[in-house]
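> Quick one, structure for this:
(one chain, ligands or ions: 1)
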Amino acid sequence: MHPFSYTKAADTRQALDAGRDGGRYIAGGTTLVDLMRETVERPRTLVDISGLPLREIVVTRRGGLRIGALVRMSEAATHRGVRALFPVISQALELSASAQLRNMATIGGNIMQRTRCTYFRDVTAACNKREAGSGCAALHGVNRTHAILGTSDDCVATHPSDVAVAFAALEATVVLLGPDGERTVPFANFLLKPGSTPNREQALRRGELITAVEIPALPRPLKSGYLKVRDRQSYEFALTSAAVALHIRGGVIHAAKVAAGGVGTVPWKLPAVERELIGKRPSNTLWAKAAERAADGARPLQHNRFKVELLKRTVERQLRVVGGGK
Ligand code: SF4
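Numbers count the residues shown, from 1 in each chain. Next up is the predicted model:
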């Protein structure tokens, strides 16, 4: 591990000042400390923000949510309002990591976590994300777990978060605070596809801090849920996953929010699937037809072609679980 200095911010102003001076924010530390041990990350200054007052979950009057950035994953997963309004968020969190990690890791840190691409974590391998311009060892290496959507010639790594898939499906907003004040960014624009700059992963400006994630109110009744397919049943990242929320009234689907994980360089919203569903009556035939669109635009690699079919089946199954079927 490289030498670094550590400071604990007493308040938000102190945190922002330190962030503006190049300090790196840390809260639960469940990703960053690992990466520092492996010398993948070498921050000079750590700014501990765990004492900031960002640990509240608020249910809005209209039935939306505001989840503070420092809320622990386990706190959000078990919160009554989250469970009642958006089971898809609770389920995505409970299917992530281990209980010990969920007790430490925060919501802000979860969406900021870095890829699990093994070449990224191996400092002897070529990796454009870790070191711009060095190449991508995964392109012609072992790429079974890598992305099939949103890839570029410079990076094919997946985003590892589960709850971010639920946030993408529900069209959440990320609330940021920086030296110039507060601003909000739609979740779809917050995490960046790699393009030619895979080392740039979020739409954060220098010194900005995530303060909350907001979930908009959606028409009720709303059924939702998360399905994660992985090599083993616990403590494993998704090969594919699906976050689904459906508003069905009078036997007709009036709103559909669908996104996939484990397949994209960012959580992958599925608008073509959503369009297939709106205005239709739930049926097994409809779920299968809509799920056929889930892999539109996929560019599989040598070892992950299986993800195309697995993704369609994951989405179809979760549509049926959430929406019922005949
Ligand atoms: Fe690095 Fe991305 Fe290539 Fe993995 S896929 S080696 S993270 S550039």
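> Show me what the helix or strand hosting residue 214 is in contact with.
Taking DSSP states H and E as the criterion, residue 214 maps to strand 209-215. Contact with strand 209-215 is made by 12, 15-16, 19, 25, 49, 54, 64-69, 85-86, 89, 107-108, 111-112, 167, 170, 172-178, 182, 184, 187, 204, as judged by C-beta atoms under 8 Å, 6 or more residues apart in numbering. Every residue, glycine included, has its C-beta placed from N, CA and C.
> In PyMOL, select just the buried ones from the residues you listed.
For the buried members of the contacts of strand 209-215, the matching PyMOL selection, counting by 16 or more other C-beta atoms under 10 Å, is:
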select buried, resi 15+16+19+25+49+54+64+65+66+67+68+69+85+86+89+107+108+111+112+167+170+172+173+174+175+176+177+178+187+204
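> so which of the contacts of strand 209-215 are also by the ligand?
Among the contacts of strand 209-215, none lies close to the ligand by the criterion of C-beta under 6 Å from any ligand atom.
> And the strand holding residue 214, how far out from the chain middle?
Relative to the centre of its chain, strand 209-215 is centred 13 Å away, using C-alpha atoms, centre = their mean, to the nearest Å.
> How about stretch 161-181?
9 Å.
> Same check on stretch 249-267?
On C-alpha atoms, centre = their mean, the centre of stretch 249-267 falls 14 Å from the chain's centre.
> ok so, going back, beyond the strand holding residue 214, next helix or strand please.
By DSSP H and E, the next helix or strand past strand 209-215 is strand 223-229.
> doesn't residue 39 fall inside a strand?
No - going by DSSP: H, G, I helix; E, B strand; the rest coil, the assignment for residue 39 is coil, not a strand.
> how close does it get to residue 130?
In this view, residue 39 and residue 130 are 10 Å apart by C-beta to C-beta, to the nearest Å.
> what sits in contact with each of those two?
residue 123.
> Can you tell me how far the residue with the largest distance to the centre of the chain is from the ligand?
Relative to the mean C-alpha coordinate of the chain, counting by C-alpha atoms, centre = their mean, the farthest residue is residue 250 (32.7 Å). According to C-beta to the nearest ligand atom, to the nearest Å, residue 250 and the ligand sit 46 Å apart.
> With residue 206 instead?
Where the ligand is concerned, residue 206 sits at a distance of 23 Å (C-beta to the nearest ligand atom).
> same question, residue 312
Taken as C-beta to the nearest ligand atom, the span from residue 312 to the ligand is 23 Å.
> what do you get for residue 126?
Distance from residue 126 to the ligand, by C-beta to the nearest ligand atom: 7 Å.
> going forward, begin numbering at 43 instead of 1
Shifting the count to begin at 43 puts that one at residue 168.
> sorry, back to before: show me the contacts of strand 251-257 that map onto strands.
Residues of the contacts of strand 251-257 located in strands (DSSP state E): 67, 107-110, 215-220, 224, 226.
> Surely residue 310 and residue 285 touch.
No - using C-beta atoms under 8 Å as the test, residue 310 is too far from residue 285 to be in contact (10.0 Å).
> what is in contact with the two at once?
In contact with both residue 310 and residue 285: 207, 210, 301-303, using C-beta under 8 Å, 6+ apart.
> among these, who's most crowded?
residue 303 (33 neighbours; other C-beta atoms under 10 Å).
> Please state the offset of stretch 254-269 from the chain centre?
15 Å.
> what's the answer for stretch 230-243, then?
13 Å.
> Can you tell me what sits against it?
Contacts of stretch 230-243 (C-beta under 8 Å, 6+ apart): 153, 156, 170-174, 178, 192-194, 196-199, 201, 206, 210, 213, 216, 244-245, 307-309, 311.
> Which of those fall within strands?
Counted as lying in strands by DSSP E, out of the contacts of stretch 230-243, are 216, 311.
> For this protein, just list every one of the helices.
Along the chain, the segments classed as helices by DSSP state H run 54-62, 74-79, 115-120, 122-127, 129-136, 141-146, 149-154, 205-212, 229-232, 313-319, 326-333, 348-365.
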